[in-house]
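> Just to be clear, the model below is a prediction. Sequence and coordinates:
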Amino acid sequence: GFSFFATMGKGRGFCGCSDPYEDSLAKTGLRGPWQHHRSCTNPLMLLVFVAYCVAWSALVIYASQKGDIYRLLNGVDSFGNVCGRKNDDGVVFQNTHIDMTDFPYLYYTDPTDSTAPAVCVSTCPYHNDNTFSDNINACTGCTDSSASSASDNCGSCAKYSVCVSATGSSPYTTNTDITWQSTNNYCPPYTYSTKPVIGRCWPTEDSYNSSVVSQATELTEKFAAIMDGVAYTISLYEYFYAARYQVLWTALGSLLLAIIFMVLLRFIVAPVVWLTMLLVIVSSAAASVVLWLEYMRVKDDIKKKEDAGGGVTNDEKNNRDFYFAMSIIVTVAAVVLLFVIIAMRTRISMAINIFTEASHALAARPILFLSPFLTYVFIMGFVTAWIYGSLVIATLTEKQYDNTTGYHSYEYGTDPNEDEYKIILSYHIFALLWVSQFIIASGNFVISGTVVSWYFTHTGKEKGAPREGFFRSMYTYIRYHMGTVAFGSLIIAIVQAIRIVLEYIQRQYGPNAGRVGRFILRCLACCMWCLEKCLKYINKNAYIITNLHGYPFCSAAWTAFNDLLSNSLLVFAINGVGFLVIFLFKVMVSAATVLLAYWLLSSDNGGNTGGRDNQGSWFILAFAAFIGWLIAAIFFELFSTIVDTVALCFMEDKKYNNGSDEKPYHASEGLQKFLGHASSKAPVYKAKPSGGKSSKKNKVTPM
C-alpha cells in the first residue's frame, strides 16, 4: 500500500500527464517554478467539469423555457393566473387565461380561511372596511386616485376589485364553480389595510389591530406575530435606507482599515504574538495562585469548624474539593503551556518570520489585493445565476384543477414527475457546491502561484529568472492546471454533499432514531466536518506544490501531505500563531468599524438617520460590525494563503537546496538563520553518479 502512494508522490502520471524531474532537482537544486517543463494536469477532470457545467446550463435554460419565474416574483392567484402578466398558457377554464397586466399585486382575501381565494388586484387595499356599499354600481367611474377614504362610495370601491365576480373593477367574472361567499356576490366580508411588498399585498400594523379584524377575530395570534415580524423588518429596512450613505462610508473605511492593518502587520506581528503569550502565561499563573489561595481559605474554614466541634455540610466539602481539583488542573495547564512555549520558542520565532516574509510578499505584489475582489465577483455572478436557476426550477410544475374548490394550483406533473424533479434539484444543488468551490480554489491557486514566483526571485539569486506576476500566474493556471483545481474542488463538493445528506437525515428521521441513532448521526456529521476542514487545508497546499513543481493533483497532494507531516511542529506553530494574529486583527478591524459607524451616526446633522439613539442605529452598528468582520476575514484569508505558500516554499527550499553556490537557499536572511534548526524528514538525493548508484546526504534534524 505504501508503494502505491509513494508512486503517486513521485510526480509520475498516475493522475495526470506530468513527468518526474527529481533527478534534475537533485543535480541543480530547486530553482523555481520555471525549472520544470509544464504540461496540462488532470485534463480528464477538466473535461468532466466543463461537461457538468454545460449540462447544468442546459438544465437552467430548459427550466426557464418550460417554467415561469414570474409565478414566484409576481405571485399566482387561486385560478392559476400570474399577476401582472398576460397569461397565454393555453389552459382555459372559468377565470383563467386572463390578461392581468393591469393587476400586478396578489391579495389574500381572507388569510384565516383556507377556502378563500387569492386574487390579483390593481392596487393593494389601503384601509380597513367591514361594510359594503349600498349601491355596488356606484363604483362605476371610480379610480384609485379618487378612492381617498372609506366613507364615500369611491372609497369603498377599492375592495370591489377583490371580488371573484363582475363587480367594480374586478378582472374576474362570476365564478359559480366555487362556494366561497356565494351569497355575498363572491366578495370578501371585509378588506384590511395592506402595502405592496415584492408583488404581494402585505398587511400593515393597522390591519390586525383594527376593529374590522378584532370584531371578527379573523386573524390568529400566529398571523399577528408574522405581521409584527414583517413590520419590524420593514422598519429596519427604512432605518438602513436612511443611513445608506453612512453604511457605505463605513464599508469603505473598513476596507481601508483592513489594508492598513495588513501593511502594519510586518512591524507588529512579533510584539503582538510574544506579548499575548506573556499575558496568557501570567494570567494562567495568576489564576492558579488565586485558586490555591481560595482552596486554602475554604480548607481552613472547614478545619476551624471541625476543631470547634461544629458540623460541616456536604456543600462545603464539595466546594473544597472543587477548588482543589480546579487548582490542580489550572496549575498543570499553566506549567504545560509554559514548557510548550519554551520548547517551541524557535519554531514560534520561525512562524513569526514567515508571517513577516508573507507581509513582504504582499508589499512586493500589491496587485494580490485584487484577488479577493475578483473571486467574490465571480462568486456573486455564479450565485446570481444559480438563484435564477433555483427560481425557474421551482416552477417546473403543471397547472392542476381541483374539482372540489374550483381553484387551480401548480403541482408535479409528468414532465418532469416528482422523482425526476428531485434528481434535477440534486444536480442543481451539487452544481452550487462544485462550482463555488472551484471559483474559491482558483483564486487560491493564482495567489499561491504569484507568491511562489516571488519567493524564488526576491533575493536576486536566480539571474535571468522570469519575473512571473499575478497575471502570468493566472495564465499558467488557465493554460495548464484548471483540471487540478477541478479535481480538488470536486472532492470538497462531495464531502459537502454528504454533510447535506446527513443533515437532511438528521432533521427528517432524527426524532424517531432514538438516542443511539441521533448520537451516531451527530458523530458522522462531526467527522465529515473535520474531514472537510482537513481536505481544504491539504488541497490549498497541493495547489502550492502544483504551482512549484507542476504536479497533478494526487501527486501534489501527497507531496504536500508529506511536507506538512515532516514539518508538523512548524505547521503547528504557524497555525497557532496564525489563529492568534488573524483573530486579534479581525476583532480590531471589526471594533474600529463599529466606532467609525458610531461617529458617523453621531455626526449626522441632517437628521435622516435619527442619530445614534434610536432602535435602528443599533441595527446599523451591528451591521457595521458584521461588515468589518467580513472584510477582515476576506483580506486575512488572502494573507493566510500567502503565509501557507511561503511556509511550503521554505520547506521545499530546505529539502532540495543546501546553501551552496550550486544549490543556494532562496529564503530571506530572516528565515535562513533557522535553516540549521529545520528541515524535512525526506532525504535529499544527489544526482546519480555514472555507476548508477545514488548517494544520500546526511539528514538534519526535522522540524
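Arrived safely.
> What's the separation between Thr559 and Glu652?
9 Å (CB to CB, to the nearest Å). Placement of C-beta: from N, CA and C, glycine included.
> Sorry, wrong one. I was asking about Met262.
Taken as CB to CB, the span from Met262 to Glu652 is 25 Å.
> One more: Leu432?
For Leu432 relative to Glu652 (CB to CB), the value is 35 Å.
> Who has more neighbours out of these two?
Glu652 (25 against 18; other CB atoms under 10 Å).
> Return the distance of the more buried one relative to Glu532.
Per CB to CB, Glu652 is found 26 Å from Glu532.
> ok, then the element right after the strand or helix carrying Leu256?
Following DSSP states H and E, one finds Leu256 within helix 244-307. Using DSSP H and E, the helix or strand that follows helix 244-307 in sequence is helix 314-343.
> could you give the mean pLDDT of that following helix?
Averaging pLDDT along helix 314-343 gives 85.
> Quick one: work out the angle between the next helix or strand after it and helix 244-307.
Counting by DSSP H and E, the next helix or strand C-terminal to helix 314-343 is helix 345-364. Orientation of helix 345-364 against helix 244-307 (axes from the mean of the first three to the mean of the last three CA atoms, to 10 degrees) gives an angle of 170 degrees.
> Do a quick rundown of the helices in the stretch 451-600 of the chain.
Taking DSSP state H, counting those that start in this stretch to define them, one finds helices in the stretch 451-600 of the chain at 470-476, 482-509, 514-549, 553-566, 568-602.
> so the second one versus helix 553-566, what angle?
Helix 482-509 runs at 80 degrees relative to helix 553-566, counting by the same axes, to 10 degrees.
> tell me the angle helix 482-509 makes with helix 514-549.
Using the same axes, to 10 degrees, helix 482-509 lies at 170 degrees relative to helix 514-549.
> Kindly state which of the helices of the stretch 451-600 of the chain is positioned closest to Ala361.
helix 470-476 (11.7 Å; CB to CB).
> mean confidence score for the closest one?
According to the model, helix 470-476 has a mean pLDDT of 89.
> before we move on, what about stretch 495-504?
Computed over stretch 495-504, the average pLDDT equals 93.
> cool, and stretch 243-253?
80.
> Would you mark the buried spots in it?
243, 246-247, 250-251, 253 (16 or more other CB atoms under 10 Å).
> Alpha carbons of it, as CSV, please.
The C-alpha coordinates for stretch 243-253 follow below in CSV (Å, rounded to 0.1, in the frame of the first residue of the first chain):
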residue,chain,number,x,y,z
ALA,A,243,-28.4,55.6,6.8
ARG,A,244,-27.2,54.2,3.5
TYR,A,245,-24.5,56.8,3.0
GLN,A,246,-23.2,56.2,6.5
VAL,A,247,-23.1,52.5,5.8
LEU,A,248,-21.3,53.0,2.5
TRP,A,249,-18.6,55.2,4.2
THR,A,250,-18.4,52.6,7.0
ALA,A,251,-17.7,49.8,4.5
LEU,A,252,-15.1,51.9,2.7
GLY,A,253,-13.5,52.8,6.0
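> returning to that earlier point: what touches both of Thr559 and Glu652?
Both Thr559 and Glu652 are contacted by Ile545, under the criterion CB atoms under 8 Å, 6 or more residues apart in numbering.
> Could you list every helix and strand that the helix or strand harbouring Lys654 packs against?
According to DSSP H and E, Lys654 maps onto helix 615-656. Using 3 or more CB pairs under 8 Å, 6 or more residues apart in numbering; DSSP states H and E as the contact criterion, the elements in contact with helix 615-656 are helix 221-242, helix 244-307, helix 345-364, helix 370-394, helix 418-455, helix 514-549, helix 553-566, helix 568-602.
> got JSON lines for these, with distance to Tyr105 too?
Below are the helices and strands packed on helix 615-656 laid out as JSON lines (distance: least, CB to CB, whole Å):
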{"stretch": "helix 221-242", "distance to Tyr105": "16"}
{"stretch": "helix 244-307", "distance to Tyr105": "26"}
{"stretch": "helix 345-364", "distance to Tyr105": "52"}
{"stretch": "helix 370-394", "distance to Tyr105": "19"}
{"stretch": "helix 418-455", "distance to Tyr105": "29"}
{"stretch": "helix 514-549", "distance to Tyr105": "43"}
{"stretch": "helix 553-566", "distance to Tyr105": "53"}
{"stretch": "helix 568-602", "distance to Tyr105": "35"}
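> what's the burial count for Gln46?
Slight slip there: residue 46 is Leu, not Gln. Residues near Leu46, counting by other CB under 10 Å: 18.
> Also the one 10 residues further on?
By other CB under 10 Å, 20 other residues sit near Trp56.
> repeat for the one 4 residues further on
Residue crowding around Val60 was assessed by other CB under 10 Å; the count is 20.
> per-residue confidence for the closest residue to it other than its chain neighbours?
Nearest residue to Val60, sequence neighbours excluded (CB to CB, 6 or more residues apart in numbering): Gly389, at 4.0 Å. We have a pLDDT of 92 for Gly389.
> ditto for Cys554
For Cys554, the predicted pLDDT is 93.
> for Ile520, same thing?
89.
> One more: Phe4?
Turning to Phe4, the model gives it a pLDDT of 40.
> Lys399 sits in which helix or strand?
Element membership for Lys399 (DSSP H and E) is strand 398-401.
> OK, contacts around Glu662?
28-29.
> Please tell me how far it sits from Ser453.
Distance, Glu662 to Ser453, using CB to CB: 22 Å.
> now Val577
Val577 sits 25 Å away from Ser453, going by CB to CB.
> Name the nearest residue to Tyr376, sequence neighbours excluded.
Ile634 (7.2 Å).
> so who does that neighbour touch?
Contacts of Ile634 (CB under 8 Å, 6+ apart): 258, 372, 376.
> Roughly how far does the nearest residue to the second one once chain neighbours are set aside sit from Asp644?
If the residues on either side of it in the chain are set aside, Pro372 comes closest to Ile634, at 4.8 Å by CB to CB, 6+ apart. Distance of Ile634 to Asp644, given as CB to CB: 16 Å.
> ok, now Trp629?
22 Å.
> quick one, which of the two is more surrounded?
Shown here are Trp629 and Asp644; by other CB under 10 Å, Asp644 has more neighbours (27 against 18).
> Just to check, the more buried one is in contact with Lys540?
Yes: contact status for Asp644 versus Lys540: in contact at 6.0 Å, counting by CB atoms under 8 Å.
> overlap in contacts of those two?
Between them, Asp644 and Lys540 share the contacting residues Ser448, judged by CB under 8 Å, 6+ apart.
> Asn658 looks like it's in a strand, true?
No: per DSSP: H, G, I helix; E, B strand; the rest coil, Asn658 lies outside any strand segment and is coil.
> ok, it touching Thr28?
No: between Asn658 and Thr28 there is no contact, the gap being 11.8 Å when judged by CB under 8 Å.
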